[in-house]
Every structure is written in C-alpha cells, then in structure tokens.
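# Below: sequence and its predicted model.
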Amino acid sequence: MIVLVRHGPPTVLPGVPPCDWPLADTATCAALGRVLPDLPVVSSDETKAQESAVALGRGFTLDERLREVTRPWSANEADFRLQAQAYLAGEPVPRWESQAAAVDRFSRAARGIVVSHGTVMSLFVASVVGADPLRFWANLRMPDAWVLEEGRLMRLEGVDLAETELR
C-alpha cells in the first residue's frame, strides 16, 4: 500500500521559487495526519511538502525524487494551467521535465506515505492505475490523500474515483 498525500495550501510569495513557498495552513494537514494508516512517511524536500509532513505529526524522511515536476515558474496562472494541461495530456512542453523522467524518479522513491505534489503525483497515478492524469490533477485538493493498493486508487475518505471520474 502507498498513500499519496498532496501538500497543504502554500503561501505564494512573489519573487520566491515555488519550491520555497511555506504552507498557508497546517491545521488541515494535522487533521489528515490523524486518519492516515501507520506507515513510514517520506516527503519531497520542497518546503510546502516538508511542512505538510511535519504537520502530519509523525517522523519522516526526505527524498528529493518526490519533488514536483521540474519546470519554469510562471506568474501567470492561466498560462501555467494551459501548460500543465498540455503536459498532463502527454505533450512535451518546452523546459518541462519529461513525463517519463518524472514518473521514473517518483516511482523509485514512492513507498509508505508519500508527501508530494500534484503534477508529479498525477503522472505516477496514471502510470500505475491508468487514470487520466489531467482528470486526477483537476480533482486534487490541498491537502489530499489517496490510497493506492492492488491496482486500486481511493481517496482516503473512501470516495473511489478511479473507476468513474479519472479514466
């Protein structure tokens, strides 16, 4: 079993790279930590993921392979969304890490409870259960938790979207 946890909502700091943005709220991650199974926790080394892992209330290790997809930062939310949609649809996007490279590095690190980021998690989920990565990404919350077990994907609260909304 792998539990994929998307980090909580960050505080966007103009001029600061997204990998260094802190969490805006830790309470939702703390609440999530109370319902997670008893598994080892591994987190991306980006600030918002680390702070989410701390808020879960458990010990954890860091693994840089769980970082978000490498890409240039865009201050324009509409431009970012268009690029992310194209990327998750399988198109190569200039200066974005290849989808195959992102899935490969993430797959080698994913174990136990994984605290990471939406785009790379979406690619990973698609590679494991065949879900549409764009639909999965569009359905993610901050924070969010998904259980991946025996080829099934289920939101931790028990809502199974794998068969209906994500393919």
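On my side now, so go ahead.
# Give the closest residue to the residue nearest the centre of the chain in space, chain neighbours not counted.
In the chain, the C-alpha closest to the average C-alpha coordinate belongs to residue 117, at a distance of 2.6 Å (CA atoms, centre = their mean). Closest residue to residue 117 in three dimensions, ignoring its sequence neighbours and counting by CB to CB, 6 or more residues apart in numbering: residue 68, at 3.7 Å. In short, each C-beta sits where N, CA and C put it, glycine included.
# and the one you found, how many residues sit next to it?
Other residues within reach of residue 68 by the criterion other CB atoms under 10 Å amount to 21.
# from memory it sits against residue 121, does it?
No - taking contact to mean CB atoms under 8 Å, the distance of 9.1 Å between residue 68 and residue 121 leaves them out of contact.
# Quick check: neighbours shared by the two?
The contact sets of residue 68 and residue 121 do not overlap (CB atoms under 8 Å, 6 or more residues apart in numbering).
# mind listing what the residue nearest to residue 117 touches?
Contacts were defined as CB under 8 Å, 6+ apart; by that measure residue 68 touches 18-19, 44, 46, 116-120.
# Swap in 7 Å and give it another go.
46, 117, 119-120 (CB atoms under 7 Å, 6 or more residues apart in numbering).
# Residue 90 too?
When contacts are counted by CB under 7 Å, 6+ apart, residue 90 is found next to residue 99.
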